[in-house]
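Novice: I would like the atomic coordinates for the input below:
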Amino acid sequence: MSSAERKGKVGKLPGQMGLTRMGKYITLYATNIFPRGDEGMYAVVRTGGKQYRVREGDLIQTEKIDGEVGDLVELKEVLVVGGEKKFKVGTPTVSRARVLGKIVEQGKARKIVVFKMKKRKNVRRKRGHRQLYTKLMISQIKA
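Specialist: A predicted model of the protein is given here:
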């Protein structure tokens, strides 16, 4: 046990999270974001401005991707590919790596109400927004 742990400044949380305390600030950090083990091959892909860590068989909800239900989609922006023995990080993407998925569902998310108001001016605007999404079933990771 380190001296910091004895003083109560460092703690462990269940799973792969840690807790650090510096002065009046408490920081939560991930101790092992990309675990290496027997969980099979995984990839980090970028689509719709977001990044997703996926494995074969995963079901992810992404921003709208053109296509019909049942169509195959190829995600070409693969940032990281990892597995049992190998680990590749792209600069910025891994060359010739692809993630194949099948479109399971196309839909709209819950409605978000956008309300804007200027006080004392009798100006009010209320609008709703429903974001379009695509659910993908990851079928294959090619590295």
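Novice: give me the neighbour count for the nearest residue to residue 41 once chain neighbours are set aside.
Specialist: Nearest residue to residue 41, sequence neighbours excluded (Cβ to Cβ, 6 or more residues apart in numbering): residue 83, at 3.9 Å. C-beta: built from backbone N, CA, C; applies to glycine. Counted with other Cβ atoms under 10 Å, residues neighbouring residue 83 total 18.
Novice: what does the one 3 residues further on give?
Specialist: Residues within reach of residue 86, counting by other Cβ under 10 Å, total 10.
Novice: what's the answer for residue 138, then?
Specialist: If we define neighbours as other Cβ under 10 Å, then residue 138 has 22 of them.
Novice: any idea what it is bridged to?
Specialist: The residues listed as beta-bridge partners of residue 138 by DSSP bridges are residue 101.
Novice: my guess is it meets residue 104, correct?
Specialist: No: using Cβ atoms under 8 Å, residue 138 is not in contact with residue 104; the gap is 10.4 Å.
Novice: tell me the contacts of the residue nearest the centre of the chain?
Specialist: Centroid-nearest residue in the chain, with Cα atoms, centre = their mean: residue 52, separated by 3.5 Å. When contacts are counted by Cβ atoms under 8 Å, 6 or more residues apart in numbering, residue 52 touches 44-46, 60, 62.
Novice: re earlier: what do residue 138 and residue 104 both touch?
Specialist: With Cβ under 8 Å, 6+ apart as the test, residue 138 and residue 104 both reach residue 59.
Novice: separation between the closest residue to residue 42 other than its chain neighbours and residue 61?
Specialist: Excluding the flanking residues, the one nearest residue 42 by Cβ to Cβ, 6+ apart is residue 55, at 4.7 Å. When distance is defined by Cβ to Cβ, to the nearest Å, residue 55 is 16 Å away from residue 61.
Novice: same deal with residue 52?
Specialist: From residue 52 to residue 61 the distance is 9 Å (Cβ to Cβ).
Novice: and the residue nearest to residue 42, how far is that from residue 66?
Specialist: Distance from residue 55 to residue 66, by Cβ to Cβ: 25 Å.
Novice: the two - which one has more neighbours?
Specialist: Neighbour totals were compared for residue 55 and residue 66, and residue 55 leads with 14 against 9 (other Cβ under 10 Å).
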